[in-house]
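Need a 3D model of the following:
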Amino acid sequence: MTETELKNLLKTVAPPDEAARAAAHAHWAALAKPLGGLGQLETMVEAAAALTGDPAPDFTSRAVLVLCADNGVVAQGVSQTDASVTRAVLENLTARRTSVCCMAAAAHCEVVSVDMGIAGVPVPGAVDCRVAPGTRDFTQGSAMTREQAVQAVAAGIELVRTQKQNGVRLLATGEMGIGNTTTSSAVAAVLLGRPAAEMTGRGAGLSDEGLHRKIHAIERGIAVNHPNAADPLGVLAALGGFDIAGLCGVFFGGALEKIPVIMDGFISGVAALCAVRLCPAAAKAVFASHASSEPAARLVLDALHKKPLITADLHLGEGTGAVASLPLWDMALAVYNHCYSFTEGGIAPYTPQC
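Residues are numbered from 1 along each chain as shown. Have a look, this model is predicted:
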């Protein structure tokens with residue numbers, strides 16, 4: 001797919017189905033409970049109805065897409081560990097042994113591990129979407145070419161299409177890649193016009209010295225590449241990672257295929273921000289799960305106009321926050337589909353008083 005073809009495809013994203021949203025809202029109002037009593041759980045189902053065009057959506061079949069990639073900027077000492085850990089975690093993802101795998105089993109969710117571009121040979125069992133064996137060090141120049149960014153985005157779109165063909169109707173996002181809080185902070189700093197120091201956290205537990213190196217690397221990357229916030233794809237290519245670009249495509253895929261995509265934490269949030277800046281209509285497919293403890297996570301949520309369901313200081317990655325929200329989807333839909341109505345209960349309906 002070329003950049004022009006991608007832009008033309010994104011022009012086909014349809015607006016939300018407001019009739020389906022209104023029907024879902026009316027259904028909630030007919031149930032025997034206080035109006036709006038389930039708060040965000042109600043508006044979440046309404047937004048999902050607007051996306052899918054179905055006032056009675058079924059999200060029994062779900063999967064978490066965990067996109068893995070290596071980042072050249074780790075050469076600047078921005079992480080506690082080296083790139084070998086990306087491979088180790090991907091291998092354990094495919095063996096269904098990591099944190100998100102344990103949580104996904106409890107939430108009746110499939111785990112799809114994806115190699116977007118890690119160092120070394122492909123990992124057996126992972127979906128092969130490799131763009132290159134990791135990005136370049138963005139302190140020395142662009143992390144990837146625009147063509148590679150488009151390739152990664154297109155791969156994300158195709159992942160969603162494949163999942164839909166397999167019967168999946170609800171997706172969660174996850175990622176794994178040593179150095180990807182650095183790439184995410186760099187992209188967010190440019191898109192939100194904020195200083196690198198404000199947007200950068202300790203990731204997996206950096207020391208004060210390590211945090212200083214991380215901030216300095218981001219500042220150098222921005223100075224070297226001169227990214228333009230008005231060109232989100234260019235920002236992604238200059239400072240991002242293949243995982244972020246792929247996740248950007250996943251959000252596009254959700255908008256195109258009418259499948260809700262549950263955003264995990266900070267890194268998934270930055271990918272969603274890239275998607276919405278490139279195609280504002282894609283926002284209809286983005287559903288927030290939690291507020292990460294990363295410093296800039298709330299700023300990204302605010303920029304997306306999304307409210308998290310969970311506030312628990314999560315910062316593990318892999319999609320754990322997104323998967324942790326799935327039981328809330330199940331409970332919301334349990335009430336939506338099975339609670340008795342005012343009429344059935346012989347109760348006078350509530351009416352808005354203000």
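
and L9, helix, strand or coil?
helix (DSSP: H, G, I helix; E, B strand; the rest coil).

now it, nearest residue through space, not along the chain?
L256 (7.2 Å; Cβ to Cβ, 6 or more residues apart in numbering). Any C-beta I mention is one placed from the backbone N, CA and C, and that applies to glycine too.

So the one you found belongs to a helix, correct?
Yes - under three-state DSSP, L256 sits within a helix.

okay, now it: neighbour count?
Other residues near L256 come to 22 when the count uses other Cβ atoms under 10 Å.

quick one: it and K11 touch, right?
No - between L256 and K11 there is no contact under Cβ atoms under 8 Å: 10.8 Å.

I'd like to know how far G203 sits from P295.
11 Å (Cβ to Cβ, to the nearest Å).

Contacts for stretch 327-343, please.
Residues outside stretch 327-343 that contact it (Cβ atoms under 8 Å, 6 or more residues apart in numbering) are 24, 27-28, 30-33, 38, 41-42, 44-45, 56-57, 59, 107, 170, 309-310, 348-350.

Check stretch 305-318 too.
40-41, 44, 66, 89, 93, 98-100, 174-176, 263-267, 272, 283, 286-294, 301, 320-321, 324-325, 328.

so how far is that stretch off the chain centroid?
Stretch 305-318 sits 11 Å away from the centroid of its parent chain (Cα atoms, centre = their mean, to the nearest Å).

okay, now A29: neighbour count?
17.

check which helix or strand covers it.
A29 is part of helix 18-30, with elements assigned from DSSP states H and E.

Going by contacts, tell me the helices and strands next to that helix.
The contact analysis (3 or more Cβ pairs under 8 Å, 6 or more residues apart in numbering; DSSP states H and E) places helix 18-30 against helix 40-52, helix 326-338.

Repeat the analysis, applying 10 Å as the threshold.
Where contact means 3 or more Cβ pairs under 10 Å, 6 or more residues apart in numbering; DSSP states H and E, helix 18-30 is packed against helix 40-52, helix 326-338, helix 342-345.

so which helix or strand takes in the residue nearest to A143 when sequence neighbours are not counted?
Excluding its sequence neighbours, the residue lying closest to A143 (Cβ to Cβ, 6+ apart) is T135, at 4.1 Å. Under the criterion DSSP H and E, no helix or strand holds T135.

got the contact list for T135?
Residues near T135 by Cβ atoms under 10 Å, 6 or more residues apart in numbering: 69-74, 116-117, 142-144, 148-149, 152, 177, 179-180, 183, 237, 239-245.

So which of these are in helices?
Secondary structure from DSSP state H places 148-149, 152, 180, 183, 237, 239, 242-245 of the contacts of T135 in helices.

Strands along the stretch 201-350 of the chain, start to end?
261-263, 286-288 (DSSP state E, counting those that start in this stretch).

how far is the last one from where the chain is centred?
Computed by Cα atoms, centre = their mean, the chain-centroid distance of strand 286-288 equals 8 Å.

got it, and the first one?
On the basis of Cα atoms, centre = their mean, the separation between the geometric centre of strand 261-263 and that of its chain is 5 Å.

What residues does the residue nearest to L9 make contact with?
Per Cβ under 10 Å, 6+ apart, neighbours of L256: 9-10, 12-14, 157, 160-161, 164, 249, 279, 281-282, 285.

if we can go back for a sec, G203 and P295 - which one has more neighbours?
More crowded of G203 and P295, by other Cβ under 10 Å: G203, with 23 against 16.

Separate out the buried members of the contacts of stretch 305-318.
41, 44, 66, 89, 93, 98-100, 174-176, 263-267, 272, 283, 286-294, 301, 320-321, 324-325, 328 (16 or more other Cβ atoms under 10 Å).

out of those residues, which are inside helices?
Among those, the subset assigned to helices under DSSP H consists of 41, 44, 89, 93, 99-100, 266-267, 272, 301, 320-321, 324, 328.

Need the residues you listed in JSON lines (columns: pLDDT).
Below are these laid out as JSON lines (pLDDT from 0 to 100):
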{"residue": "L41", "pLDDT": "98"}
{"residue": "M44", "pLDDT": "98"}
{"residue": "V89", "pLDDT": "96"}
{"residue": "L93", "pLDDT": "97"}
{"residue": "S99", "pLDDT": "97"}
{"residue": "V100", "pLDDT": "98"}
{"residue": "F266", "pLDDT": "95"}
{"residue": "I267", "pLDDT": "96"}
{"residue": "A272", "pLDDT": "98"}
{"residue": "L301", "pLDDT": "97"}
{"residue": "T320", "pLDDT": "97"}
{"residue": "G321", "pLDDT": "97"}
{"residue": "A324", "pLDDT": "98"}
{"residue": "L328", "pLDDT": "98"}
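
Cool, thanks, talk later.
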